[in-house]
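Trainee: fold the following, please.
(chains A and B)
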Amino acid sequence: MNILRKKSAANVPFSETVIETLIRLCGVSSIIFVFGIFFFVFREGAGFLFNGLDLGEFLTSPEWYPTSLNNKRYGTLALILGTFSVTTLAMCIAVPFGLGAAIFISEFCSPKLRETFKIIIELLAAIPSVVWGFIGLTLMNQLIIAVFNAPIGLTMLNGGILLALMSVPIIVSIAEDALKAVPDSYREAAEALGATRWQVTYRVLLPAAKNGLLAAVLLGAARSIGETMAVLMATGHSVNIPSSPLSWIRTLTATIAAELGEVARGGEHYQVLFIIGILLFTITFVVNLIADLVIKGIRQQ
Amino acid sequence: MLKMDHARYIIICILVVLVCGFAIIGYSPTDSESAASKQSAQIIKNKGSDTMVNLAQAWAEIYTGLTNTASVEVSGGGSGTGVAALINGTVDIANCSRQIKPKELELATQNTGKTPQEFIVGYDALAVYVHHDTPLDKITITELAEIYGEDGNITKWSDLGVAHENCPSNKIIRISRQSNSGTYFYFREALLGKTQDFKLGSLDLHGSKDVVEVIGRTPCAIGYSGMGYATSEVKMLEVATAPGERYYAPNLKNVLAKTYPIARPLYMYSLGEPTGEAKAYLDWILSPAGQKIVEKLGFVPLANK
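Mentor: Below you'll find the predicted structure:
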């Protein structure tokens, strides 16, 4: 291998060296960016994180009073629960729809229909989140008031439905890839044994693709955890321990978005918002890591 | 094969050189052009309070139409954002719905070497809004403190003596603002002084207009926002400082007479004593012509001196 490389290096044209270097730089830059962002977020929050912040209170108290004049309290429990509850609700809606759509597209529909579906689903992924938020604020708000007789429609349910719609495209495209990656010989073997199409899907394809499907769900969940604008507009943005899908909530991301614009740079509140950033970074990192390990599991199979 | 590669490489090189060349050639005329236009119209950068953004926009549009020596660029983002930009020296005038804090004043002086100058450009009365179906016309600051305050006991419309037919849950939905907006600070201080906090669980909306918009769609809601944002969907309540006191409607007369209890001045800050175009702009804002626009947008103009 080494000899081969050396040999080829001697008569490789200059242009190729340039292109190779450029490509290598692109690859390295993404790593640099990730670490750069992490370093920046950490640097802004670190001062208060290690010196002054009561981490126990930060994680377990629901009292979020960052601008109180004489009794500042930085408890994010309500925000953490808000993020998790709305994400869970979104996944409860998005997973059946997403996986169902993926199974339909990859196994049950005609090739022509498949292309149409894929384009439409990609279109769904292209809608900006602020537009989703606006739909939540106006249309869904009134719909929820009318259907559930709720006093106000800016609720966890509203945000959950929006997040579900936003993560369905991700789930569908990754899950469909996973189903496609199952070798055709599996399908042929099952059909040869006299299995119906549904039996093939249910008994053969789903178990064979389960890691890929799990990865699809986890990446969809990561998308909903990180979403900001739509939940800021649709969930009511209220510090509140959620008790039902109709309670109004506030998420970690929305808190950063709403408050960072007007805090004094370098102050305590500013640093706490960056610590929330670190917390979010950790959560999405863990979710992505799990998804990655799961995908790796597929490859080894 | 090798020859092909070389040829392609040379073509790419030529293309790169051409693009760079065009970029350089293309850049210089626009540069001189913008320099020329700068001579004819100086840009005044104006940023800050969300409450004031509509007003600042209206001023900017009309002023830019009146004069050909200056154009005004307005952006919102909040009082804090405006002051932060002032501290960094990136704006000429900052809009602020609260007074600048001593610490910010010090930072700005330290950073830019110039002390921010304060101008009161009008008044804003915070109106207490409810849905137009709500059978309630008057409220006291004491009641508002009980509704919004941390230790407050009023949570239902019936606690206010209101039989609210369109709100079957009877629960008062508190609409508030994000906890670092100038409006939030001012309303909290007006209700609770400097020692107490608001109850958690209010809907903290992001913008003066959103507050009115949401209240207009929500029969159970109560909220506060600038007087200028009223729509036909909402109702403004008359406010008294305490039970037994006289109630005052949020209108020009009562704000100017300082009888309406929740009104505040609106500020503009310039870096140092304003000069040139910025001075001309501020003078125009304070003139009767500029103050007429204040009134037109639902704010309260300065009293005629």
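Trainee: residue of the stretch 51-200 of chain B with the smallest distance to chain A?
Mentor: Nearest to chain A in the stretch 51-200 of chain B, going by Cβ to the nearest Cβ, is B:Gly80, at a distance of 3.4 Å. Quick note: C-beta positions are derived from backbone N, CA and C, even for glycine.
Trainee: what is the burial count for that residue?
Mentor: Number of residues near B:Gly80 (other Cβ atoms under 10 Å in any protein chain shown) recorded here: 25.
Trainee: got phi/psi on it?
Mentor: The phi and psi values for B:Gly80, taken as degrees, to the nearest 10, are phi -60, psi -40.
Trainee: B:Gly272 now?
Mentor: B:Gly272 adopts backbone torsions of phi 70, psi 180, taken as degrees, to the nearest 10.
Trainee: my guess is it contacts B:Gln117, does it?
Mentor: Yes. Between B:Gly272 and B:Gln117 there is a contact under Cβ atoms under 8 Å: 6.6 Å.
Trainee: how about B:Gly228, nearest residue that isn't a chain neighbour?
Mentor: Nearest residue to B:Gly228 in three dimensions, chain neighbours excluded: B:Gly298, at 2.7 Å (Cβ to Cβ, 6 or more residues apart in numbering or on different chains).
Trainee: look at that neighbour and tell me its secondary structure.
Mentor: Here B:Gly298 is recorded as coil under DSSP: H, G, I helix; E, B strand; the rest coil.
Trainee: how about the residues of chain A by chain B?
Mentor: Within reach of chain B by Cβ under 8 Å from any Cβ of the partner chain, chain A has these residues: A:13-16, A:62-71, A:78, A:137, A:141-142, A:145, A:149, A:151-152, A:154, A:232-233, A:236-240, A:248, A:250, A:258-259, A:261-265, A:269.
Trainee: and stretch B:59-78, average pLDDT?
Mentor: Regarding stretch B:59-78, the rounded mean pLDDT is 87.
Trainee: endpoint to endpoint, that stretch covers what distance?
Mentor: Taking Cα to Cα, to the nearest Å, stretch B:59-78 runs 18 Å from one end to the other.
Trainee: any part of it near chain A?
Mentor: Yes. Using Cβ under 8 Å from any Cβ, stretch B:59-78 reaches chain A at B:77-78.
Trainee: on that earlier part again, measure the residue nearest to B:Gly228 to chain A for me?
Mentor: Separation of B:Gly298 from chain A (Cβ to the nearest Cβ, to the nearest Å) stands at 23 Å.
Trainee: write the PyMOL selection for whichever of the residues of chain A next to chain B are buried.
Mentor: Per 16 or more other Cβ atoms under 10 Å in any protein chain shown, the buried members of the residues of chain A next to chain B correspond to this PyMOL selection:
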select buried, chain A and resi 13+62+63+64+65+66+67+68+78+137+141+145+151+152+154+232+233+236+237+238+239+240+248+250+258+259+261+262+263+264+269
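Trainee: among the residues of chain A next to chain B, which ones are in strands?
Mentor: If you go by DSSP state E, those have A:64-65 in strands.
Trainee: just list the residues touching A:Leu53, thanks.
Mentor: A:Leu53 makes contact with A:74, A:271-272, A:275 under the criterion Cβ atoms under 8 Å, 6 or more residues apart in numbering or on different chains.
Trainee: report pLDDT for it.
Mentor: With respect to pLDDT, A:Leu53 scores 84.
Trainee: could you confirm B:Arg264 falls within a strand?
Mentor: Yes. According to three-state DSSP, the state of B:Arg264 is that of a strand.
Trainee: who's in contact with it?
Mentor: For B:Arg264, the contacting residues are B:97-98, B:123-124, B:126, B:186, by Cβ under 8 Å, 6+ apart.
Trainee: what residues are up against the residue most central in space within chain A?
Mentor: In chain A, the residue lying closest to the centroid (Cα atoms, centre = their mean) is A:Arg223, at 1.5 Å. A:Arg223 makes contact with A:163, A:166-167, A:170, according to Cβ under 8 Å, 6+ apart.
Trainee: who wins for neighbours among those?
Mentor: Counting neighbours by other Cβ under 10 Å, the top entry in the contacts of A:Arg223 is A:Leu163, with 31 neighbours.
Trainee: for that one, give me the pLDDT.
Mentor: With respect to pLDDT, A:Leu163 has a value of 95.
Trainee: what about it? Give its phi and psi, please.
Mentor: phi -60, psi -40.
Trainee: that one touches A:Ser224, doesn't it?
Mentor: Yes. When contacts are counted by Cβ under 8 Å, A:Leu163 is listed as touching A:Ser224 (4.2 Å).
Trainee: next, show the common contact partners of the two.
Mentor: Here A:Leu163 and A:Ser224 share the contacting residues A:86-87, A:90, A:94, scored by Cβ under 8 Å, 6+ apart.
Trainee: of those residues, which is the most crowded?
Mentor: The most crowded member of those, judged by other Cβ under 10 Å, is A:Val86 (32 neighbours).
Trainee: now the strands for the stretch 201-305 of chain B?
Mentor: B:203-205, B:221-226, B:234-236, B:238-240, B:263-271 (DSSP state E, counting those that start in this stretch).
Trainee: do you know which of these lies nearest A:Gly100?
Mentor: Among the strands of the stretch 201-305 of chain B, the nearest to A:Gly100 by Cβ to Cβ is strand B:203-205 (34.4 Å).
Trainee: ok, that closest one near chain A or not?
Mentor: Yes. Strand B:203-205 lies within reach of chain A by Cβ under 8 Å from any Cβ, at B:203-205.
Trainee: which of these lies closest to A:Phe285?
Mentor: Sorting the residues of strand B:203-205 next to chain A by distance to A:Phe285 puts B:Asp204 at the head of the list, at 28.3 Å, by Cβ to Cβ.
Trainee: neighbours of the closest one, just the number please.
Mentor: 27.
Trainee: who's in contact with it?
Mentor: Neighbouring residues of B:Asp204 by Cβ under 8 Å, 6+ apart: A:237-239, A:250, A:258, B:176-179.
Trainee: mind redoing it with 7 Å?
Mentor: With contact set as Cβ atoms under 7 Å, 6 or more residues apart in numbering or on different chains, B:Asp204 has these partners: A:237-238, B:176-179.
Trainee: tell me the two of the contacts of A:Leu53 that are most distant?
Mentor: Most distant of those, by Cβ to Cβ, are A:Tyr74 and A:Gln271, 9.6 Å apart.
Trainee: quick check: whichever residue of the stretch 201-301 of chain A sits closest to chain B vs B:Phe187, distance?
Mentor: In the stretch 201-301 of chain A, the residue that lies nearest chain B is A:Glu262 (3.4 Å; Cβ to the nearest Cβ). Shown here: A:Glu262 relative to B:Phe187, a distance of 15 Å by Cβ to Cβ, to the nearest Å.
Trainee: quickly list the domain ranges of chain B.
Mentor: As assigned by automatic domain parsing, chain B contains the domains B:41-123+B:264-296, B:124-263.
Trainee: mind putting these in a markdown table, distance to A:Ala126 included?
Mentor: Converted to a markdown table, these look like this (distance: least, Cβ to Cβ, whole Å):
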| stretch | distance to A:Ala126 |
| --- | --- |
| domain B:41-123+B:264-296 | 27 |
| domain B:124-263 | 24 |
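Trainee: which of those domains sits closest to A:Leu193?
Mentor: Taking Cβ to Cβ, domain B:124-263 is the member of the domains of chain B nearest to A:Leu193, at 58.4 Å.
Trainee: end to end on the closest one, go ahead and measure it.
Mentor: Start and end residues of domain B:124-263 are separated by 6 Å (Cα to Cα).
Trainee: please consider this matter closed, and thank you.
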